[in-house]
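> requesting a structural model of the entry that follows:
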Amino acid sequence: MSPMSATPKKHLMLFSGRAHPELAEQVAKHLDVSITPQSAYSFANGEIFVRFEESVRGCDAFVLQSHSAPINDQIMEQLIMVDALKRASAKRITVVMPFWGYARQDKKHRGREPISARLIADMFLVAGADRIMTVDLHTAQIQGFFDGPVDHLFALPVLADYVRRTYGADHDMTVVSPDSGRVRLAERWAETLGGTPLAFIHKTRDPRKPNEAVANRVVGDIEGRLCVVIDDMIDTGGTVAKAVQALLEQGATDVVVAATHGVLSGPAAERLSTCGAREVVFTDTLPIPDDKRFPAMTVLSIAPLLAQAVHAVFDDGSVTSLFNGNA
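Numbers count the residues shown, from 1 in each chain. Have a look, this model is predicted:
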């Protein structure tokens, strides 16, 4: 009888929620694996059921789900998938959430408010997650909310490379932060684009009125330049649309908008398509349906980045060195 191996072969398995199957298929293609088949459906009262059709015992599980609308359903489905994997004896469970739901609720502005981004982390820990992988957190400190490794990936190289290839040769560019909170991100953009100048929009926001902002003056050199307005997410589009209009009014020749997460709630698509921007660029961390797309919108694939990170985690390699995680 042959002796048993003391180090069993590692086995990568990829699981996908129902929110964004196209992204999961692309990640699977880059990894050269198949998405594990499962039964997933919702009961009449909204309860979610998931069962995997193959054994997951001892596997290195990666559970991909985009936290898109309806966001609470997508988060709950991913939690249930993690619970099912834990109870079926998966060896390690990595939650892949390209967009961390509730990330904007990362601190208390006033008394008696929740810190919901922390609650999301706690729920995944209790469900059985060993690790979280995410892209462009709203604020970097959210990594500390999860009591385990968090791989914080950056879409900046994907977006900046596209902007450089499309506009770099023919335009003098200025990177513009839509508010003071994104200035650090704008600095990294400017560095990546080869030391382009920086500007920002001085903006006020009432914490008691969600999704409302007032664009004020532009600070920085923008006259006669192509402005690249950057952000981590665009929700209703009001902030960015006002920023684009302010830049054009104050002398910018053209404006390109680049953001990682296209949340695009309510009037966002109409605002972005009519604000005067030459192009609006997103990644596909969240699904963007056809009815929210318009001719000047470009959607870049985040799948190669996620696949590289999954591969590095599975091989116990360095994710930091792979993605220059110096935020």
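
> list the buried ones in the top helix by length along the chain?
Of all segments of type helix in the chain, defined using DSSP state H, the longest is helix 71-87. For helix 71-87, a neighbour-count test (16 or more other C-beta atoms under 10 Å) marks 71, 73-86 as buried. C-beta: built from backbone N, CA, C; applies to glycine.

> contacts only, for the closest residue to residue 128 other than its chain neighbours.
Counting by C-beta to C-beta, 6 or more residues apart in numbering, the nearest residue to residue 128 once its immediate chain neighbours are dropped is residue 86, at 3.1 Å. Shown in contact with residue 86 (C-beta atoms under 8 Å, 6 or more residues apart in numbering): 93, 127-128.

> now a PyMOL select for only the buried ones of those residues.
Only the buried entries of the contacts of residue 86 go into this PyMOL selection, using 16+ other C-beta under 10 Å:
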select buried, resi 93+127+128
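
> using CSV, please lay out the contacts of residue 86 together with distance to residue 110 and secondary structure.
Shown next, in CSV, are the contacts of residue 86 (distance: C-beta to C-beta, whole Å; DSSP: H, G, I helix; E, B strand; the rest coil):
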residue, distance to residue 110, secondary structure
93, 36, strand
127, 30, helix
128, 34, coil
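
> now, which of the contacts of residue 86 sits nearest residue 136?
residue 93 (22.4 Å; C-beta to C-beta).

> how much space between the spatially closest residue to that closest one that is not a sequence neighbour and residue 287?
Of all residues not flanking residue 93 in the chain, residue 61 sits nearest, at 4.8 Å (C-beta to C-beta, 6+ apart). According to C-beta to C-beta, to the nearest Å, residue 61 stands 22 Å off from residue 287.

> these two: which is more packed in?
Between residue 61 and residue 287, counted using other C-beta atoms under 10 Å, the more crowded position is residue 61 (28 against 16).

> which SS state does that one fall under?
Following DSSP: H, G, I helix; E, B strand; the rest coil, the label given to residue 61 is strand.

> in the sheet, who's paired with it?
Beta-bridge partners of residue 61, counted by DSSP bridges, are residue 13, residue 93.

> how does this protein divide into domains?
When the chain is parsed with automatic domain parsing, its domains come out as 12-154+304-323, 156-300.

> related to what we said a few turns ago, need the contacts of residue 86 in CSV (columns: pLDDT).
Formatted as CSV, these follow (pLDDT from 0 to 100):
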residue, pLDDT
93, 98
127, 98
128, 98
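
> from the contacts of residue 86, pick the one nearest residue 151.
residue 93 (13.6 Å).

> lowest-pLDDT helix or strand in this protein?
Least confident helix or strand of the chain, by mean pLDDT, DSSP states H and E, is helix 319-323 with a mean of 69.

> I'd assumed residue 90 was in contact with the residue nearest to residue 93.
Yes - if you go by C-beta atoms under 8 Å, residue 61 and residue 90 touch, sitting 4.3 Å apart.

> find the residues that touch each one of those two.
With contacts taken as C-beta under 8 Å, 6+ apart, residue 61 and residue 90 have residue 13 as neighbours in common.
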